[in-house]
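> Give the three-dimensional model of this entry:
(one chain, ligands or ions: 2)
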Amino acid sequence: MDHSADAQRTDLMTITRHVLNEQSKHPEARGDFTILMSNLVLGCKFVCSAVNKAGLAKLIGLAGDTNVQGEEQKKLDVLSNEVFVKALTSSGRTCILVSEEDEEATFVDPSLRGRYCVVFDPLDGSSNIDCGVSIGTIFGIYMVRDKNEASLYDVLQPGNQMLAAGYCLYGSSCMLVLSTGSGVNGFTLDPSLGEFILTHPDIKIPKKGKIYSVNEGNAQNWDEPTSKYVENCKYPKDGSSPKSLRYVGSMVADVHRTLLYGGIFLYPADNKSPDGKLRVLYEVFPMSFLMEQAGGQAFTGKQRALDLVPTKIHQRSPIFLGSYDDVEEIKALYVKEAKA
Ligand code: AHM
Ligand code: MG
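Ligands and ions are numbered 1, 2, ... in the order given. Alright, predicted model coming up:
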């Protein structure tokens, strides 16, 4: 009998146990973050289940469609937003919520208010929802300065002020990747247990990768450094092999692959969208936080992404993130352009 295999199966590091372990490193902690996380995790499980059932349950379709019982159907992204807003407010640990789905920030009722601000994209990858391609949830967590005087400025903080960030990938498996500021850990949902189990401890991104990931259909509108960088991926001048191109069009899936395999993900500025497409608070910052925590880099074309100070909750920014050496190359091209 293989006792070591037995031991592995009976000593599972669940995400709650992991967060509790992290909490024990901070003697002043009162367990609020653990409670917040367990509500966030519940939201991810709910959305995972809804995504998996979408085809069967006819959840897919326009908001406002009706099902056979004559009940109004909610589109998955609308449903996901409701799930997270309810899970987070009812945790009693949040103060301000910023969701991609809601134009305005939500200020939690004072009777339910806690110390944390959560910025999130409840279901990212909208163009992939209806065709069964991987999609995900992205989140970042800040601490409010004074919960009795919460203001938008509590969430208009640079990404370097985030306490934690992560994403949940609804793909061939459901994976939650989390950083609380001391490395990055990946948890896979075991559907038989209904628990996220630590499967990818201390993720480190390879220093250099062989993959670039970009919507190349926008190439005619790119600036010089981006064009040169992608040209170099395809026709390297130093005799190295060309990089492979992989692009899902779901940020969570593209960033997840970049984190595990290395390489670079870019959503640059272009003539038509001078600020790029991706949103600073709940797309660029959380993913940049994870990349740095895994040993990679994230750059906006002008500065370290996490140092950007947002002025609007739905602000956008160009982003280049991934393996340290690959991001270093695009940075050098922007520096060269600025000097020219
Ligand atoms: P969304 O928030 O409307 O889903 O848009 C964000 C998504 C990202 O997941 C992805 O990286 C990007 O848009 C893809 O954009 P494009 O279709 O322009 O390549
Ligand atoms: Mg999005």
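
> Point out the residues in the stretch 101-250 of the chain that sit beside ligand 1.
Of all the residues in the stretch 101-250 of the chain, those in contact range of ligand 1 (Cβ under 6 Å from any ligand atom) are 121, 124, 125, 126, 127, 215, 249, 250. Placement of C-beta: from N, CA and C, glycine included.

> Now name the helix or strand holding residue 285.
For residue 285, the element it lies in under DSSP states H and E is helix 285-293.

> Just to be sure, residue 140 is in a strand?
Yes: counting by DSSP: H, G, I helix; E, B strand; the rest coil, residue 140 is located in a strand.

> so how far is ligand 2 from it?
13 Å (Cβ to the ion, to the nearest Å).

> Would you map the helices across the stretch 201-340 of the chain?
Ranges of helices within the stretch 201-340 of the chain are 224-234, 251-261, 285-293, 324-339, based on DSSP state H, counting those that start in this stretch.

> residue ranges with poor pLDDT in this structure?
Scanning the chain for pLDDT under 70 picks out the ranges 1-9, 56-74.

> Please see if the lengthiest helix in it touches ligand 1.
The helix of greatest length in the chain, counted in residues with DSSP state H as the criterion, is given as helix 32-57. No: contact of helix 32-57 with ligand 1 (Cβ under 6 Å from any ligand atom) is absent, the minimum separation being 13.8 Å.

> Show me which positions of that helix end up buried.
Under the neighbour-count criterion of 16 or more other Cβ atoms under 10 Å, helix 32-57 has 32-51, 54 buried.

> and if you look at stretch 22-30?
Of the residues in stretch 22-30, those with enough neighbours to count as buried (16+ other Cβ under 10 Å) are 22, 23.

> which outside residues touch that stretch?
Residues outside stretch 22-30 that contact it (Cβ atoms under 8 Å, 6 or more residues apart in numbering): 31, 33, 34, 180, 182.

> Can you get me the start-to-end distance on that stretch?
Criterion Cα to Cα, to the nearest Å; first-to-last residue distance in stretch 22-30 is 12 Å.

> Looking at the stretch 201-340 of the chain, which residue is nearest ligand 2?
residue 283 (5.6 Å; Cβ to the ion).

> hang on, I meant the chain
Scanning the chain for the residue nearest ligand 2 gives residue 124, at 3.7 Å (criterion: Cβ to the ion).

> where along the stretch 151-300 of the chain do the strands fall?
Using DSSP state E, counting those that start in this stretch, the strands of the stretch 151-300 of the chain run over residues 164-170, 174-179, 185-190, 195-200, 211-213, 244-245, 264-267, 297-299.

> Could you export the ones you listed as TSV, including mean neighbour count?
Supplementary listing: these in TSV, determined by neighbours: other Cβ atoms under 10 Å:
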stretch	mean neighbour count
strand 164-170	28
strand 174-179	24
strand 185-190	21
strand 195-200	18
strand 211-213	24
strand 244-245	14
strand 264-267	26
strand 297-299	23
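
> In JSON lines, list those along with distance to residue 318.
Rendered in JSON lines, the data for the strands of the stretch 151-300 of the chain read as follows (distance: least, Cβ to Cβ, whole Å):
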{"stretch": "strand 164-170", "distance to residue 318": "19"}
{"stretch": "strand 174-179", "distance to residue 318": "23"}
{"stretch": "strand 185-190", "distance to residue 318": "27"}
{"stretch": "strand 195-200", "distance to residue 318": "28"}
{"stretch": "strand 211-213", "distance to residue 318": "14"}
{"stretch": "strand 244-245", "distance to residue 318": "19"}
{"stretch": "strand 264-267", "distance to residue 318": "7"}
{"stretch": "strand 297-299", "distance to residue 318": "9"}
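
> Run through the residues of the chain sitting next to ligand 2.
Near ligand 2, the residues belonging to the chain are 121, 124 when assessed by Cβ under 5 Å from the ion.

> and whatever residue of the stretch 51-200 of the chain ends up closest to ligand 1, how many residues sit next to it?
When you check the stretch 51-200 of the chain against ligand 1 by Cβ to the nearest ligand atom, the closest residue turns out to be residue 126, at 3.6 Å. For residue 126, the number of neighbouring residues by other Cβ atoms under 10 Å comes to 15.

> What separation is there between the nearest residue to it once chain neighbours are set aside and residue 16?
With Cβ to Cβ, 6 or more residues apart in numbering as the criterion, residue 126 has its nearest non-adjacent residue at 6.2 Å, and that residue is residue 77. If you measure residue 77 against residue 16 using Cβ to Cβ, to the nearest Å, the figure is 27 Å.

> ditto for residue 171
Here residue 171 is placed at a distance of 22 Å from residue 16 (Cβ to Cβ).

> Compare these two (neighbour count), which wins?
Looking at residue 171 and residue 16 with other Cβ under 10 Å, you find the greater number of neighbours at residue 171, namely 19 against 14.

> these two touch, right, the more buried one and residue 128?
No: proximity of residue 171 to residue 128 does not meet the contact threshold set by Cβ atoms under 8 Å, at 10.5 Å.
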